[in-house]
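Visitor: model the structure of this input:
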Amino acid sequence: MTQPTLQHGDYTGLGEAYSRYRAAYAENVLTALLALAGKPAAEIDAVDVGAGTGIWTRMLARAGCRSVIAVEPNNEMRRFGAADSADLAIEWHAGSGEATGLPDACCDFLTMASSFHWVDFKRGTRELHRVLRHGGRFVALWNPRLIKDNPLLLEIEDHLHSLKPGMTRVSSGHSGITERLSDMLRASPWFDDVIYIEGQHHASLLQEQYLGAWRSANDIQVQLGAEKFAEFINYVGKRISDLPTIETTYLTRAWAVRRS
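Guide: This is a model prediction of the structure:
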């Protein structure tokens, strides 16, 4: 049976890899962001939109937020997320950045982790403004790898681009919307007080984890196509075959704004 062609932003078929292999975000960035709320975590009602399998959502819950709601449009991602967070008090709902399905002014802290690039900016910011309470904070954040000082990771990245010259990363926290996000948020009528925060954290990934993280990347698979993506994964597997771990540094990048 022919497999359906993967579409940009559709993570159907990637839920398990995302759940098992995607890295967490920097804890110090979470601490700094929650401090912007101006109240203890135990008094914060948080919503995570585009929650995926709940990697960031669980961090919010474990930080002690009073309530945490996860909003995710993809059924498979939501199913894995609910299973992964079964031990935490997180409510899971179907919805998107443009249509969360949540009531007006229901939260103090609203986040989109590695997902805001899929949202129509004007429609999305209007919806997020509606859901936030006055003075509440919206945060868009990403968790890209830092590869510039790692020869192995640079080599793998170069091989990726040799398979698809001119590839444009949609979901990378180093490109796309992040290149102009500060200016876009400053120009928005819905928010003010734009603050940028970043923090690094290190991970030693097993071969399975490193390959699994690549397999969870939607935009790469869409642009390469199934055949070239399989070629890429085969190349990476051979390149790291003699390494016990792949040392990786992540840079959590966050843009926080206040509801006007």
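Visitor: going forward, measure contacts and count neighbours with C-alpha atoms only.
Guide: OK.
Visitor: ok, which stretches of the stretch 1-150 of the chain are strands?
Guide: Counting by DSSP state E, counting those that start in this stretch, the stretch 1-150 of the chain has strands at residues 45-49, 67-71, 90-93, 107-113, 132-142, 145-146.
Visitor: make a markdown table from the ones you listed and add mean pLDDT, distance to T100 and mean neighbour count to it.
Guide: Output for the strands of the stretch 1-150 of the chain, formatted as a markdown table (pLDDT from 0 to 100; distance: least, C-alpha to C-alpha, whole Å; neighbours: other C-alpha atoms under 10 Å):
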| stretch | mean pLDDT | distance to T100 | mean neighbour count |
| --- | --- | --- | --- |
| strand 45-49 | 98 | 7 | 26 |
| strand 67-71 | 98 | 7 | 24 |
| strand 90-93 | 98 | 8 | 18 |
| strand 107-113 | 98 | 11 | 25 |
| strand 132-142 | 97 | 12 | 22 |
| strand 145-146 | 92 | 29 | 18 |
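Visitor: as TSV, the ones you listed with distance to I246 would be great.
Guide: Output for the strands of the stretch 1-150 of the chain, formatted as TSV (distance: least, C-alpha to C-alpha, whole Å):
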stretch	distance to I246
strand 45-49	30
strand 67-71	31
strand 90-93	32
strand 107-113	24
strand 132-142	21
strand 145-146	12
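Visitor: what's the closest of those to S162?
Guide: S162 lies closest, by C-alpha to C-alpha, to one member of these: strand 145-146, at 19.3 Å.
Visitor: who does the closest one pair up with?
Guide: Based on DSSP bridges, the pairing partners of strand 145-146 within the sheet are strand 246-259 (antiparallel).
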